[in-house]
Structure formats: C-alpha cells, structure tokens
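Chemist: Take a look and give me a structure for this.
(chains A and B)
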Amino acid sequence: MSFRDLQTDLARTGYVAPDDLAMALFLALRLGRPLLLEGPAGVGKTAVAGALADLRGTRLIRLQCYEGLDATHAIYEWNYQKQLLAIRAAAEFHDGESGVAVEQRIFSRDYLMERPLLQAITQDTPPVLLIDEIDRADEEFEAYLLEVLDNYQITVPELGTIRATARPIVILTANGTRDLSDALRRRCLYATIPFPGRETELAILKARNPEVEARLAGQIVAFVQKLREEDLEKVPGIAETLDFAAALAGLGLADLTEDPDALVASLATLLKTETDRAAVPLEVAARLAGRAA
Amino acid sequence: MSRVTRFAARDPGPAARMAGFMAHLRGNGFALGVAETALAQAALTELDALDPETARLALKCVCTGRAEDATRFDAAFDAYWLNAGRVRPRAVPKPADAAAARGRNSRTDHQDESAAPGKRHAPDDGAGDAAGAGDTGRLQAVQAGHLRSRDLRELVSPGDIRAAETVARRLGAALRDRRSRRSRADRRGARLDFRRTLRSSLSTGGEPLRLHNRARPDRPVRLVTLCDMSGSMIRYARPYLAFLSGLMRADPDTDAYLFHTRLVRISDALRDPDPLRAVNRLSLLSEGLGGGSRIGGAVSDFAHGPARRSVGGRTVVMILSDGYDSDPPEVLAAALERLKKRGCKVVWLNPLKGWAGYAPVARGMAAALPHLDLFHPATTLDDLAALEKELTRL
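Modeler: Predicted coordinates:
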C-alpha cells in the first residue's frame, strides 16, 4: 500500500486529504510515530482522526485539551468514593479479610477510572487517539505526554507499570494558542493543513454535500475563496463552507446572484464576529458573488 | 536533462547522502538530531524513494516541526537533491570548524553587518578576544553580553528586535503570574481543605466522602503602555515597538497606545503574529508619526477616555517617553493626578535617564515626577530586563 492508496481510501470515507497530509498519515501508520497537525481553525484537523478511525474500523478516543487539564483527567484517577465504601464495608461486616488484603483489593484495576490516555493503550486493537488542541494544555501536561508517547506505558504507583497492549495511532492538533516545546515537535511527524485550494475545496464539498448542484457548488467555493482574501478577523474554514452550502441549498437558491438578501442572510454561517459582519455589507457580498458567478 | 543532482563517483552511498542532506538542513537552521536522520531513512524505505515528489513529501513531514520550517523546506530540498544535474562533490558533511576557518566572505555576510561597516570589528567590541581566544562559544557569549548593554537605538537588526521581544515576553509573564496570598474554595484546587472536608464528613458518618479543595486565585496585573512616538523619540521607535509587541503577545490582557500629537490604540495591530505586518499595520494607523509631542494632551485624553474603562487598582500604566512636551506642564500634572485617582501605578520609562549626568529638567518631566511610582531608565535592554524585579515589587 502506498500513500496514494491511503489517499483514495480516505476520499471514499468522505475526507479529501492533500498530498502532504496523506503522506504524513501514511508514515505515521507505518513508522508508529505520533503526528502533529497544525493549521487554522476549521480546515479539518480533527475530522482527519475520525476519517482514519472509520477507515481502519477502530475506536476513536478523543482527549480534548484545555487550560488546567491534569493527569487525573487525562490518564487515570482512583475511584475514591468506591474505595471508601469498600473499606467501610470491610470494617462493618468483618468477613475475615485482613487489612493488607483490603488494601490490595481497593488498589486494583476495578477501582481505577481510566481516562483517555490509559484507555488508548489498553485496547485490544490499536485505536486512533486524538489529542485535540494540545497547545491549550499547560506545559506540565505536555511534558507528561512526552513520557507516554515515548514508551507507551503508564506508571500507576500503587499498581505498577501498565504497558500498552496495542500502540495507538496518535494524532495531535494545534492551532497556535501557545508555542509547543521543541521536545514534543521532535517526537512527532509534522504536517500543516492550510486552507484548501479551489479544486480541493470543490472536491470536499462534493464529497460531503452531494445534493448541491455542480454550478452552485462552483460558485460557493469561488465565493468563499474570494471572501478569505478579505481582511477578516475569523477567516471561514471548510466547516463553514459546508454550512454555507447547506444553508443555500436549504433556501432553495440555484444561483448566488439571484437573491442578494438571502445571500447576506446565509452569510451568518460564514462570518462569526460582529466586525466581520460589518466588514462585508450587502454591496460587498453582491460584488463577490458577481465575481464568483 | 534530469534536474536531479549527480553525486560524485567516489560518493559513499545513499546513507551518506541522507546524512549529508540532514547536515545541509541543519546548516539552514533546522533543529534536527541523529534520531531524525534514522527516522528519515526508515521513512524512505517504506515507499518509492526514487520518485522525487514522494521523497520530498516524506522527508518534509519527518524533518519539519513547525510552519516556518515547512515553508523553507522545499527550497532546501531542491538545492540539495534537484541541483539541475550539476555534480555535487561530496555528500559527507564537512567538519564544523571548516565554516569557522572560512572567515568572513561576501556570501556569508549578513545585510545588517554590511549596512553598518565594521561594527562587529570595532576595537571596543574586541573585549571578548582576550577572555575566550580560540573558544568560539565563549567568545559569542561575551559579544552577546556586550550587545545587551548597548543603547537601544543601535538595536535595529531583526535578531536584536527578537531579543527585545524575549525580554518583554518574560516581563509580561512575570506580571501575569501573580497569585493571591489568600486561598479560596476551588473544586480543582491544589490543596485539600481539611476543615471543610472534616466538617462535611460529619454528614456521611465520619467518612470523608466529599473532598474539598482550595486554591490561590490569580490576581493578574494589567499593563497599559503609552508609547511616545514624537520626533525626539523616533530613533527608539523600532526597539520599543518590538518590546511592546512582545508584551502584547505574552499577555492577552495588556493594552498599548501610541501618541505623538494624538492618541492611537495599537494593541490589535501589535498582536499580529507577523512582526513585519504588525509594523505595516502600525504605520497605517499612526499617521503623523515623528511629529510634535503633546504628552500632556495625550495622557489627559487617555485619563478621560479609555482609562475609565480599562484602568483600575490592579493596573500598571507604563509611559515610554523622554518628557519633552509642547503642552504646558500643568496639563500633564493634572492628567497624571486624575489617572492616579483610579488607583493604578504609574511607571515612567525614560530613554534619556540612562545617560550620564541626566537630570529631569524638562518641564514636562519635572511636573510629572511627583506623580510617578517608578521612574526608570529604558536606554538599554538590560534596563528593560531589570524592570521585571521592579514591577513585581510594585
């Protein structure tokens, strides 16, 4: 299997991957390395993990990072309540269990709550592990992640080391909230996903919204591409293009220039801040639509 | 004719060529180790390495680690592998000292060096020669130290602007990390609240089922900067703007204004991730840059306008100016007094203060002095770095 095969397979699941992304995924699968994806919001960084899991028929385990994410939410946590109840029950009923035995029982796997990272390495078949927006997590967590990604093993002091039964396919995404450490970058394969070109975006639109007519689809893509060149705060991504297409199809438009008011109304799917809405008034939208048609 | 580079006949083989390519990338500023070389070789064995485009894509995702690398990679790849059929003499990387022995030549010369003839080689610059003769690493360190204590206005090369940004970033981070001395109930706090846990354990028969935590809440300090861009200050413009943009990026809550004859808010322009574009956006905003200075008027505008929204007890207002004001000094004094009533701290950074024999005799400066919490020189990068300590004390 070459990376071209992977690319066509992904296209069948509805994900159109550019060449360098397909190659990065291919190498990540072959070399067993984590893959770091960077790019603006809404270009399909997260979606690629879903597509890959679909393609390989495995579970997708997702860890959404946020500021203050810590080990108890990412790796494992002891189920304190259950442990306390167990101690309590042992003391109450005196069923001949020694203190040591109770201790061993309450620090066993039954009392361990698995969080995404631990889940990912204890599956029977290798799952896809998506660590989303890693740049939002703190630096301490990044350091801990390095350890996990290096050895694929997690040490629980009370239990000992848990080794991976299957090495997950790890995909990390970032969009520049904070600069990532060099150590993490060095351990990962890397690909940037830019805003797609005209043909790619058209292909994505066709794959995702096949009910949109070819002529309208062409106009939509040209319109969005023109819109991205405007000076906007939040540049619309592919997800927005798909929403926009769905909105236009829902309004029953066959041509972008046919009803400027409906066009401006459906811009709500593309422009998500007040200043951006103000930056693209009716005339500008109509002009862009005219150029796209 | 094929564009592919022809290697010399005595070339040791593909592995050495790959090692040569990695050395070539390192020479171009890519951060690559031995592990990457091995990984790159492993990657190429997985696919059709004879197809240049495939090899390019594969090596690209192995060897690059950030967006800037990715944009430079293609040129580096072409230069090494697709040399239009010219013979590349030897693929084995040169020993490191070969580059040093070559010395200065026009090809390695940087633009900024040639713009300021002899700067690096001026006699007073050679202070490090005696200390670290023959030891290049040490010599460089001494040079850098020397550079830090230069007058800010000599800092014009992009590298130095980056250094100014680093100082600013550290400063911003130091300001932001200001935790309260008191702690407060917090569901995910670091410390266990034993009293509360014990108290609530009473309701569960003495078993501490519910754990309560406490944490020290953040008390971040907001920094608002007013930067003078009048004619007398224009020579400090670039390093100050670099300093400001570093501050802006370190902390999303900071705010920056620029003034000459009027007050302009520049925070959004400075947050632009591309420093060059930030400067361009700035120049569009700041029409009349380098004109006369109305410090009093500008500070007064600030105190009556934006300050009412954004300045409070946990704010430090930083004014970067030399104090040469064309407004009457009373205006400035009144404005600062009004500003102080909002409970903020006022820090004045004066580039002239670092000069020997400077006294704040300018009328504006003299009028402002009684209202300042801190009057600090900002002539060199060291002065700006020293601010970190002063600001944490405020």
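
Chemist: Might you enumerate the residues of the stretch 51-200 of chain B proximal to chain A?
Modeler: B:53-54, B:57-58, B:60-62, B:64-67, B:69-70, B:188 (C-beta under 8 Å from any C-beta of the partner chain). For the C-beta atoms, the positions are set from N, CA and C on the backbone; glycine is no exception.

Chemist: From those residues, which land in strands?
Modeler: Secondary structure assignment (DSSP state E) places none of those within strands.

Chemist: of all those residues, which comes closest to B:Ala35?
Modeler: Proximity of these to B:Ala35 was ranked by C-beta to C-beta; the top entry is B:Val62 with 10.3 Å.

Chemist: That closest one: how many residues sit nearby?
Modeler: Using other C-beta atoms under 10 Å in any protein chain shown, B:Val62 has 25 neighbouring residues.

Chemist: And A:Ser98, by the same measure?
Modeler: A:Ser98, neighbours per other C-beta under 10 Å, totals 9.

Chemist: And it, how close does it get to chain B?
Modeler: 21 Å (C-beta to the nearest C-beta, to the nearest Å).

Chemist: Which strands and helices lie in contact with the helix or strand containing A:Arg186?
Modeler: Taking DSSP states H and E as the criterion, A:Arg186 maps to helix A:182-187. Judged by 3 or more C-beta pairs under 8 Å, 6 or more residues apart in numbering or on different chains; DSSP states H and E, the packing partners of helix A:182-187 are helix A:139-151.

Chemist: in the next helix or strand after the helix it packs on, what's buried?
Modeler: With elements assigned by DSSP H and E, the helix or strand that comes after helix A:139-151 is strand A:153-156. Neighbour-count burial for strand A:153-156, counted by 16 or more other C-beta atoms under 10 Å in any protein chain shown, picks out A:Ile154.

Chemist: Up against chain B, what does the stretch 101-250 of chain A have?
Modeler: A:Gly176, A:Asp182, A:Arg185, A:Arg186, A:Cys188, A:Leu189, A:Tyr190, A:Ala191, A:Thr192.

Chemist: Make a ChimeraX selection of the buried ones in those residues.
Modeler: The buried subset of those, as determined by 16+ other C-beta under 10 Å, is captured in ChimeraX by this line:
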select /A:185,186,188,189,190,191,192
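
Chemist: Tell me the one of the residues of the stretch 101-250 of chain A next to chain B nearest chain B?
Modeler: A:Arg185 (3.7 Å; C-beta to the nearest C-beta).

Chemist: For the residue lying closest to that closest one once chain neighbours are set aside, which phi and psi angles does the backbone take?
Modeler: Residue nearest to A:Arg185 in three dimensions, not counting chain neighbours: B:Gly65, with 3.7 Å by C-beta to C-beta, 6 or more residues apart in numbering or on different chains. Torsion angles at B:Gly65 (phi, psi; degrees, to the nearest 10) stand at phi -130, psi -10.

Chemist: can you tell me which residues contact B:Gly65?
Modeler: Listed by C-beta atoms under 8 Å, 6 or more residues apart in numbering or on different chains, the contact set of B:Gly65 reads A:Leu36, A:Asp182, A:Arg185, A:Arg186, A:Cys188, A:Tyr190, B:Ala31.

Chemist: now B:Arg262
Modeler: B:Gly288, B:Arg294, B:Gly297, B:Ala298, B:Asp301.

Chemist: So B:Gln41 versus B:Ala19, what's the distance?
Modeler: 9 Å (C-beta to C-beta, to the nearest Å).

Chemist: Report the mean per-residue pLDDT for stretch B:171-179.
Modeler: For stretch B:171-179, mean pLDDT is 69.

Chemist: Quick check: which element contains the spatially most central residue of chain B?
Modeler: By C-alpha atoms, centre = their mean, the mean C-alpha position of chain B lies nearest to B:Glu165, the distance being 2.1 Å. Using DSSP H and E, B:Glu165 sits in helix B:158-176.

Chemist: Give the next helix or strand downstream of that helix.
Modeler: strand B:184-185.

Chemist: How is chain A divided into domains?
Modeler: A:3-75+A:115-192, A:77-106, A:198-292 (automatic domain parsing).
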